[in-house]
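Asker: Dropping the sequence and predicted coords here.
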Amino acid sequence: MIYKSGRFSLLEMIIALGMISIAGIFILQMFLASDKLNARAGDMDTASFIAMSTLEELKASYDPNRLFNTEFVEGSQVAFGQGTFFVIDERMEFASFEFWNGFRLYKYYDANWQPAHLQIVEDEPSAPQNEDAVFKLALYLTPLEGEGDTAIIGLVSVSIYVWDLRNVGGPIVDFSTKLYFPQVGELI
């Protein structure tokens, strides 16, 4: 017969503490996982905002050349067509923008989403040596080709991607659209 005095035995206390500890570990893991998901969602939100801001900056320029005379491109890597990359260290006007070849622009951001300015051209733009670079925005502008009467000079395909360079995998933002630049016809 078990005698109960209204108190817990030492064995009952150890079992109860063990069960509380195990439950606490699972709850702590849930909080840590939700913190990581929250940080990832915040990065995705900021990346989406920057991608849309980039598109709006491009739309507002009315001409791809005007984009290069804005603060947005400072510290970015740019390549025209399949050419080699160079770093834009200050705003500049391109009088002879080879628009028919398109261009690629890579802009890097630190962990707080502040622009990380590159000083030199990296051999492989997808993996900069700048330790501050945590996120990469890639902007691709490709003129759309048509034949005969269907050719519309100034119609381009715009693709914007944002990658988290700390994580392997696809971009956290992937956005594509088409834009028309009425001023481009005058450049060609």
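Answerer: Structure received.
Asker: For the rest of this, base every contact and every neighbour count on C-alpha atoms.
Answerer: Will do.
Asker: Do you have the strands of this structure handy? List them.
Answerer: 76-80, 86-88, 103-109, 135-143, 155-164, 173-180 (DSSP state E).
Asker: Quick one, which of those strands gets closest to Y62.
Answerer: In terms of CA to CA, the element of the strands of the chain nearest to Y62 is strand 173-180, at 8.2 Å.
Asker: who does the closest one pair up with?
Answerer: Here strand 173-180 has these sheet partners by DSSP bridges: strand 155-164 (antiparallel).
Asker: I'd say A79 and N101 touch.
Answerer: No: with contact defined as CA atoms under 8 Å, A79 does not reach N101; the gap is 10.1 Å.
Asker: and the strands of the chain, which one is worst for confidence?
Answerer: Among those, strand 86-88 carries the lowest mean pLDDT, at a mean of 69.
Asker: And K107, how far from H117?
Answerer: Applying CA to CA, to the nearest Å, the value for K107 to H117 is 8 Å.
Asker: residue closest to the middle of this protein?
Answerer: For the chain, the residue nearest the mean C-alpha position is V162 (2.1 Å; CA atoms, centre = their mean).
Asker: Show me what that residue is bridged to.
Answerer: Beta-bridge partners of V162, counted by DSSP bridges, are L137, V173.
Asker: Report the contact partners of it.
Answerer: Residues in contact with V162 (CA atoms under 8 Å, 6 or more residues apart in numbering) are A47, A51, F135, K136, L137, A138, P171, I172, V173, D174.
Asker: Looking at those, spot the one nearest A33.
Answerer: Closest approach to A33 among the contacts of V162 (CA to CA): I172, at 18.3 Å.
Asker: surely that closest one meets M44?
Answerer: Yes: contact criterion CA under 8 Å: I172 and M44 qualify, at 6.0 Å.
Asker: sorry, back to before: looking at K107 and H117, which has the bigger crowd around it?
Answerer: Using other CA atoms under 10 Å as the criterion, K107 and H117 rank with K107 on top: 24 against 21.
Asker: Identify the bridge partners of the nearest residue to that one once chain neighbours are set aside.
Answerer: Nearest non-adjacent residue to K107, counting by CA to CA, 6 or more residues apart in numbering: S76, 4.7 Å away. Beta-bridge partners recorded for S76 (DSSP bridges): I88.
Asker: Any regions of this structure where pLDDT drops low?
Answerer: 1-5, 63-65, 69, 81-87, 89-100, 118-131, 146-153, 183-188 (pLDDT under 70).
Asker: Please enumerate the helices of it.
Answerer: 10-61, 64-67, 184-187 (DSSP state H).
Asker: still on that earlier bit, out of the contacts of V162, name the two that are farthest from one another.
Answerer: The most widely separated members of the contacts of V162 are F135 and D174, with 13.6 Å between them, by CA to CA.
Asker: I appreciate the help and will end here.
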